[in-house]
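Asker: mind looking at a prediction? Sequence and model below.
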Amino acid sequence: MGTLAMPENVNDFYRVLPGTIAGWTKPDAPDLYTPENLSKYIDGGAELYLSYNFKNALALKYKDPGGNEIEVDIFDMGSGPDSFGVFAHSRETIDDRFGQGCEYAAGLLTFWKDRYYVSILAYPETPERKDVVFKLGRAIEAAIKDTGALPPIIGLLPAENLLPESVHYFHHYIWLNSFTFVSNDNVLNIGNDTPAALGKYRQGGAAFFLLLVRYPDSARAEAADAQFRQKLLDGAADGLRQTKEGRWTGLQCRGDLVSIVFNAPDESTIRAIFAKIKN
Amino acid sequence: MKNRTSISRRQFIIGASAAALGTRLKLSGQVTTASVTSAKSRVVLVRDLNALDENGSPKYAAVQEMLDTGIKALTGKPDPQSAWKTIIKPNDIVGIKNNRWAYLKTTAEVENSLKKRIMEVGVKEADISVDDLGVLQNPIFQKATALINARPMRSHHWAGVGGLIKNYIMFIPDPSVIHPDSCADLASIWDLPVIKGKTRLNVLVMFTPQFHSFGPHSFNPKYVWKYHGLMLGFDPVAIDATGLRIIEAIRRDYFAEDRPLNPPAKHIAIADSKYHLGTADPQKIELIKIGYDKDSFV
């Protein structure tokens, strides 16, 4: 493995990665991507990364003599919160074997550390390829000396009954529908300056969801509150409304923070979790 | 190619509407759909457990048979040759718009099966082209009189799903211009002169649809489902809407909870309500199911 000070940008990771490993050979040069050309590379998937303030990426393919490939992608997301956000977007489990959180399934390892989101894909998976994927992951992880901050807003999600693998962070309204369909529209005026956290809770066999959105000021929070109340709660003065499926939606605005519970079994569940939010 | 006896062994089921049309498919006697209304958009779903080999790759003979079965049910003609003659003329110039995504392609088996039947109509091989990213530069596509739209359905990080409506995105020079609001206006592409009125057949490949996206390339084999299906029709919105119902049902089955696509695939409903490209309303879709019916989800 190469020895190097902490990479200052994604280009530096090329030198960290081994030239050969278990018969797999690194290419002569990596490909580098910016927000302007990322869609040329990941073909339709770029918008996810752009919505998390993507800065640039390094991509390269190790090849074996048979022409098989192991794809290594390292994304500089610019900050710990955005790196966490893009990682958590599709994770299913809690796994701390790599970086500050990882996921491995069927040949694909993803993890985040500091401002970097890393993906290593060997498809189809074999035990030998999995071993190479893990070794490459270790090399990249070791080169990232710092750790990244988690988005402060996720710390406001009450811990009791929270499924930690469900925690999402975002600041683009498109990701509002992660667990339950809320709206096709930006009903909460979510944008780059409104960090949002979403978590799933399981209590007594029932699952419900808590969304928190932090606005730059209380006036914008109140405007979002009013819009949501009017469009999705039929203007309910108490912020509570029962859905046609018999579940409950609850809305609360305190200062610059809007909190919404979806799919709750009853009103008391909503009130109880609202009371636990430390703002 | 398999004979009819082999078809009947594979639990073939056909909807009453196909039977009413006088198709000569082998019937098992099971009827899975009943509605027949000429005003409805017909979608034919053909499934065959024999479509994939042990590695999950499609088998040419099975694919050809599935397409033949589907086009007969779609057109009401007794054989694939006469069915194809209702949609393609010998002097047509035909572009087959595929999808070359490395992990889930249209597949050569589907492309070659389509091409074979088009050539049997009398179209010269030199007047047929299969392309994806290069359609705007492809001379056949530039002068095409007929298009065949064929691709797999898969979950998509930004559009909810990628299906038939989305498959024409390469007909615009900069696809990113259609990205705002999670690709809500994809159907607007279908009004471009290079496309409008030219699509003769839509084929949604559902051999191994991907129901969940994971990682930068959106792909993980953990999230593909062996569905062994092909869907055919003239209405891309009706087929995509049906495919979406299948994807959503697979997600419910896999995750054991209602897990909506994120973002929602709203471009399909908008293709109906705003662009009137077809219908997304299941009540206005005549679904004909042929073949293996377990876990069809529709």
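Answerer: Sure thing, it's come through.

Asker: residue contacts, residue B:269?
Answerer: B:241, B:280 (CB atoms under 8 Å, 6 or more residues apart in numbering or on different chains). (Glycine included, C-beta is placed from N, CA and C.)

Asker: buried residues in the helix or strand that contains it?
Answerer: Residue B:269 is part of helix B:266-273, with elements assigned from DSSP states H and E. Neighbour counts over helix B:266-273 (16 or more other CB atoms under 10 Å in any protein chain shown) mark B:266-272 as buried.

Asker: quick check: residue A:102 touching residue A:109?
Answerer: Yes. Between residue A:102 and residue A:109 a contact is recorded at 6.5 Å, counting by CB atoms under 8 Å.

Asker: which element follows the helix holding residue B:269 toward the C-terminus?
Answerer: Using DSSP H and E, the helix or strand that follows helix B:266-273 in sequence is strand B:285-291.

Asker: so what strands line up beside that following strand?
Answerer: The pairing partners recorded for strand B:285-291 under DSSP bridges are strand B:41-47 (parallel).

Asker: could you dump the helix or strand that comes right after the partner strand to CSV, C-alpha only?
Answerer: On the C-terminal side of strand B:41-47, the nearest following helix or strand under DSSP H and E is helix B:60-75. Output of helix B:60-75 as CSV, limited to C-alpha atoms (Å, rounded to 0.1, in the frame of the first residue of the first chain):
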residue,chain,number,x,y,z
TYR,B,60,-33.0,-16.9,-26.9
ALA,B,61,-35.5,-19.6,-27.8
ALA,B,62,-37.7,-18.9,-24.8
VAL,B,63,-37.5,-15.1,-25.4
GLN,B,64,-38.5,-15.5,-29.0
GLU,B,65,-41.5,-17.6,-28.0
MET,B,66,-42.5,-15.1,-25.3
LEU,B,67,-42.4,-12.2,-27.7
ASP,B,68,-44.3,-14.2,-30.3
THR,B,69,-46.9,-15.1,-27.8
GLY,B,70,-47.2,-11.5,-26.6
ILE,B,71,-47.5,-9.9,-30.1
LYS,B,72,-50.2,-12.4,-31.1
ALA,B,73,-52.2,-11.6,-28.0
LEU,B,74,-51.7,-7.9,-28.5
THR,B,75,-52.8,-7.9,-32.1
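
Asker: quick one: helix B:60-75 to strand B:41-47, angle?
Answerer: 160 degrees (axes from the mean of the first three to the mean of the last three CA atoms, to 10 degrees).

Asker: give the rounded mean pLDDT of helix B:60-75.
Answerer: Averaged over helix B:60-75, pLDDT sits at 98.

Asker: what does stretch B:176-184 give?
Answerer: Stretch B:176-184 shows a mean pLDDT of 87.

Asker: remind me which residues of the chain are low pLDDT?
Answerer: Just so you know, I chose chain A. A:1-5 (pLDDT under 70).

Asker: my bad, the chain I had in mind was chain B
Answerer: B:1-38.

Asker: where does the residue nearest to the spatial centre of it fall, phi/psi-wise?
Answerer: Nearest to the mean C-alpha position of chain B, counting by CA atoms, centre = their mean, stands residue B:204 at 1.5 Å. When read as degrees, to the nearest 10, the backbone of residue B:204 gives phi -100, psi 120.

Asker: now it. Nearest residue, chain neighbours left out?
Answerer: Leaving aside its chain neighbours, residue B:204 sits nearest to residue B:231 (4.2 Å; criterion: CB to CB, 6 or more residues apart in numbering or on different chains).

Asker: for the one you found, pull up the helix or strand it's in.
Answerer: Here residue B:231 sits within strand B:229-233, counting by DSSP H and E.

Asker: around chain B, which positions in the stretch 1-150 of chain A sit nearby?
Answerer: Residues of the stretch 1-150 of chain A lying near chain B by CB under 8 Å from any CB of the partner chain: A:39, A:42-45, A:47-49, A:71, A:73, A:75, A:90, A:103, A:105-108, A:110, A:119, A:121, A:123-125.

Asker: 6 Å instead?
Answerer: Proximity of the stretch 1-150 of chain A to chain B is confined to A:39, A:42, A:44-45, A:47-48, A:73, A:90, A:105-106, A:108, A:110, A:119 under the rule CB under 6 Å from any CB of the partner chain.

Asker: reformat those as JSON lines; add secondary structure and neighbour count.
Answerer: Formatted as JSON lines, the residues of the stretch 1-150 of chain A next to chain B follow (DSSP: H, G, I helix; E, B strand; the rest coil; neighbours: other CB atoms under 10 Å in any protein chain shown):
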{"residue": "A:39", "secondary structure": "helix", "neighbour count": "20"}
{"residue": "A:42", "secondary structure": "helix", "neighbour count": "22"}
{"residue": "A:44", "secondary structure": "coil", "neighbour count": "23"}
{"residue": "A:45", "secondary structure": "coil", "neighbour count": "20"}
{"residue": "A:47", "secondary structure": "helix", "neighbour count": "24"}
{"residue": "A:48", "secondary structure": "helix", "neighbour count": "25"}
{"residue": "A:73", "secondary structure": "strand", "neighbour count": "24"}
{"residue": "A:90", "secondary structure": "coil", "neighbour count": "20"}
{"residue": "A:105", "secondary structure": "strand", "neighbour count": "18"}
{"residue": "A:106", "secondary structure": "coil", "neighbour count": "17"}
{"residue": "A:108", "secondary structure": "strand", "neighbour count": "23"}
{"residue": "A:110", "secondary structure": "strand", "neighbour count": "27"}
{"residue": "A:119", "secondary structure": "strand", "neighbour count": "23"}
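
Asker: where exactly do the helices run in the chain?
Answerer: Chain wasn't specified; assuming chain A. With DSSP state H as the criterion, chain A has helices at A:13-16, A:38-42, A:46-50, A:80-88, A:127-143, A:218-232, A:267-276.

Asker: think we crossed wires, I meant chain B
Answerer: Using DSSP H, helices in chain B cover B:4-9, B:16-20, B:60-75, B:80-85, B:108-121, B:139-142, B:180-183, B:236-255, B:266-273.

Asker: how about these in a markdown table, adding distance to residue A:151?
Answerer: Putting the helices of chain B into a markdown table (distance: least, CB to CB, whole Å) gives the following:
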| stretch | distance to residue A:151 |
| --- | --- |
| helix B:4-9 | 56 |
| helix B:16-20 | 53 |
| helix B:60-75 | 48 |
| helix B:80-85 | 56 |
| helix B:108-121 | 44 |
| helix B:139-142 | 46 |
| helix B:180-183 | 22 |
| helix B:236-255 | 25 |
| helix B:266-273 | 27 |
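
Asker: so who does residue B:212 touch?
Answerer: The contact partners of residue B:212, by CB atoms under 6 Å, 6 or more residues apart in numbering or on different chains, come to B:155, B:223.
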